[in-house]
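Asker: coords please:
(one chain, ligands or ions: 2)
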Amino acid sequence: GSFLRILGIETSCDETAASIVLRHDDGRGEIAADVVLSQLDEHSAYGGVVPEIAARAHVEALDTLIDEALARTSTSLGDIDAVAATAGPGLIGGLIVGLMTGKAIARALSKPLYAINHLEGHALTARLTDGLSFPYLMLLVSGGHTQLVLVRAVGRYERWGTTIDDALGEAFDKTAKLLGLPYPGGPAVERAAAAGDPKRFDFPRPLVGERRLDFSFSGLKTAVRQAAETIAPVTEQDISDICASFQRAISRTLDDRIGRGLARFSAEFPALGHPPALVVAGGVAANLELRRTLQTLCDRHGFRFVAPPLRLCTDNAAMIAWAGLERMAAGFAADPLDVQPRSRWP
Ligand code: KG4
Ligand code: ZN
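Answerer: Ligands and ions are numbered 1, 2, ... in the order given. Presented below is the predicted three-dimensional model:
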């Protein structure tokens with residue numbers, strides 16, 4: 001059969017990425033190449049992403065990554081049917097680099113350009129990896145976002161819940177920093193928690209029991225600080241206990257918040273014709289306790305739990321390419337070449 005072939009570009013945060021993705025006529029997606037360069041080493045000394053360093057690193061790496069993606073698929077630029085580049089939300093310097101590059105290639109080849117919302121990329125990934133049918137629920141938990149989203153169709157998203165303060169990944173990162181653990185904090189907290197007593201500290205579970213589906217994590221961080229301050233000196237075991245208790249509080253919170261979301265979905269779509277599904281995306285999806293919590297919750301509510309491979313949960317260009325292909329297939333018009341990057345784009 002025939003297919004569409006698209007070049008994907010992602011530069012919204014601290015990952016420079018390029019991909020070649022195909023969409024076959026039967027709707028099946030195929031990742032032909034997916035190259036990601038993490039800037040982690042460049043930022044870790046600062047304990048977070050430095051926008052100016054990120055933008056410069058994107059400039060330096062992007063051309064090479066695009067060449068690499070083309071080389072891996074023995075494709076030349078001329079074989080591309082369209083270009084998809086992240087236009088927001090994210091750090092403006094990086095967005096400019098990626099979108100300008102996408103525009104230049106689209107202009108030179110006279111091919112359509114799709115300016116993609118990064119969150120739409122995350123939202124549609126499960127259709128690339130698991131061929132999921134609409135509608136479904138998606139939980140995006142990363143360093144910058146914590147959102148429960150109803151994915152109705154391409155271009156039709158409803159945000160059911162979001163964080164009113166810190167993102168979940170941010171809560172992990174700040175907790176790690178408080179405890180003197182390395183950046184990024186998520187993996188470090190998870191490692192420390194493995195040897196800890198999750199019942200030693202009874203940390204708060206904000207918004208639990210409330211009807212609205214929002215999240216809040218900043219109180220949890222404050223409680224961690226207070227717990228650490230009351231112990232002196234803080235031993236390695238104390239740190240493990242705090243991390244384990246922190247993860248337990250998060251599990252309990254998600255169990256309540258997401259549980260309500262699943263119930264609401266079931267009430268809105270009583271006769272789907274296929275099992276309802278919850279998809280997880282974002283870097284925090286690497287956390288095994290979070291995965292266990294969501295799996296158990298889905299089992300209880302009769303939902304399918306879909307966790308795409310981790311490299312597709314974190315930032316990548318395959319999801320941006322796929323979002324472009326989905327937009328093409330759904331009949332959305334390409335974007336004009338004067339489309340602007342947007343640091344905020346809900
Ligand atoms: O999606 P992502 O790679 O990047 C953006 O936020 O753009 O997510 C990174 C976040 C960081 O906050 C990091 O601490 C968190 O994901 N993270 C984890 C784990 N691995 C990464 N959080 C909890 N447990 C983990 N194993
Ligand atoms: Zn992301």
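Asker: now the strands: where do they sit in the chain?
Answerer: 3-10, 15-24, 29-38, 82-88, 113-117, 136-141, 146-153, 156-162, 277-281, 304-306 (DSSP state E).
Asker: Packing partners of the fourth one?
Answerer: Counting by 3 or more C-beta pairs under 8 Å, 6 or more residues apart in numbering; DSSP states H and E, the packing neighbours recorded for strand 82-88 are strand 3-10, helix 92-109, strand 113-117, helix 118-130, helix 318-329. All C-beta spots, glycine's among them, are computed from the backbone N, C-alpha and C.
Asker: Just list what the first one packs against, helices and strands only.
Answerer: Counting by 3+ C-beta pairs under 8 Å, 6+ apart, the packing neighbours recorded for strand 3-10 are strand 15-24, helix 51-72, strand 82-88, helix 92-109, helix 318-329.
Asker: Other residues contacting the lowest-mean-pLDDT helix or strand in the chain?
Answerer: The helix or strand with the lowest mean pLDDT-type score in the chain, counting by mean pLDDT, DSSP states H and E, is helix 40-44 (a mean of 84). Contact with helix 40-44 is made by 14, 49-50, 53-54, 57, 182-184, as judged by C-beta atoms under 8 Å, 6 or more residues apart in numbering.
Asker: re earlier: just the strands of the chain: most buried one?
Answerer: The highest average neighbour count among those, using mean count of other C-beta atoms under 10 Å, belongs to strand 82-88 at a mean of 28.
Asker: can you give me the angle that strand makes with strand 113-117?
Answerer: 30 degrees (axes from the mean of the first three to the mean of the last three C-alpha atoms, to 10 degrees).
Asker: Take the strands of the chain and write them to JSON lines, including mean pLDDT.
Answerer: Output for those, formatted as JSON lines (pLDDT from 0 to 100):
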{"stretch": "strand 3-10", "mean pLDDT": "98"}
{"stretch": "strand 15-24", "mean pLDDT": "97"}
{"stretch": "strand 29-38", "mean pLDDT": "96"}
{"stretch": "strand 82-88", "mean pLDDT": "98"}
{"stretch": "strand 113-117", "mean pLDDT": "98"}
{"stretch": "strand 136-141", "mean pLDDT": "98"}
{"stretch": "strand 146-153", "mean pLDDT": "98"}
{"stretch": "strand 156-162", "mean pLDDT": "97"}
{"stretch": "strand 277-281", "mean pLDDT": "97"}
{"stretch": "strand 304-306", "mean pLDDT": "97"}
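Asker: Distance of the residue nearest to Leu132 when sequence neighbours are not counted relative to Gly259?
Answerer: Spatially, and ignoring its direct neighbours in sequence, Leu132 is nearest to Ala126 (4.5 Å; C-beta to C-beta, 6 or more residues apart in numbering). Per C-beta to C-beta, to the nearest Å, Ala126 is found 20 Å from Gly259.
Asker: Comparing these two, which residue is more hemmed in?
Answerer: Between Ala126 and Gly259, Ala126 has the larger neighbour count (other C-beta atoms under 10 Å), namely 23 against 14.
Asker: Help me confirm that the more buried one comes into contact with Pro135.
Answerer: No: with contacts counted by C-beta atoms under 8 Å, Ala126 stays clear of Pro135, the gap being 11.8 Å.
Asker: For the most centrally placed residue in the chain, which non-adjacent residue is closest in space?
Answerer: Nearest to the geometric centre of the chain sits Gly282, at 2.8 Å (C-alpha atoms, centre = their mean). Distance criterion C-beta to C-beta, 6+ apart; nearest residue to Gly282, sequence neighbours excluded, is Ser142 at 3.3 Å.
Asker: What residues does this structure have near ligand 2?
Answerer: 142, 315 (C-beta under 5 Å from the ion).
Asker: Point me to the residue of the chain nearest ligand 2.
Answerer: Residue nearest to ligand 2 within the chain: Asp315 (4.4 Å; C-beta to the ion).
Asker: Phi and psi next, for that residue.
Answerer: When read as degrees, to the nearest 10, the backbone of Asp315 gives phi -60, psi 130.
Asker: ok, it to ligand 1 distance?
Answerer: Separation of Asp315 from ligand 1 (C-beta to the nearest ligand atom, to the nearest Å) stands at 5 Å.
Asker: now do Gly94
Answerer: Distance from Gly94 to ligand 1, counting by C-beta to the nearest ligand atom: 11 Å.
Asker: need the contact list for the closest residue to that residue other than its chain neighbours.
Answerer: Leaving aside its chain neighbours, Gly94 sits nearest to Thr11 (4.2 Å; criterion: C-beta to C-beta, 6+ apart). The contact partners of Thr11, taken as C-beta under 8 Å, 6+ apart, are 17, 58, 62, 85-86, 90, 94-95, 97-98.
Asker: nearest to Ser38, of those?
Answerer: Nearest to Ser38, judged by C-beta to C-beta, of the contacts of Thr11 is Ala17 at 9.2 Å.
Asker: any idea how far stretch 167-186 is from the chain center?
Answerer: 17 Å (C-alpha atoms, centre = their mean, to the nearest Å).
Asker: model confidence over it, on average?
Answerer: Confidence for stretch 167-186, expressed as mean pLDDT, is 94.
Asker: List the buried residues for that stretch?
Answerer: Of all the residues in stretch 167-186, those buried under the rule 16 or more other C-beta atoms under 10 Å are 167-179, 181, 183-186.
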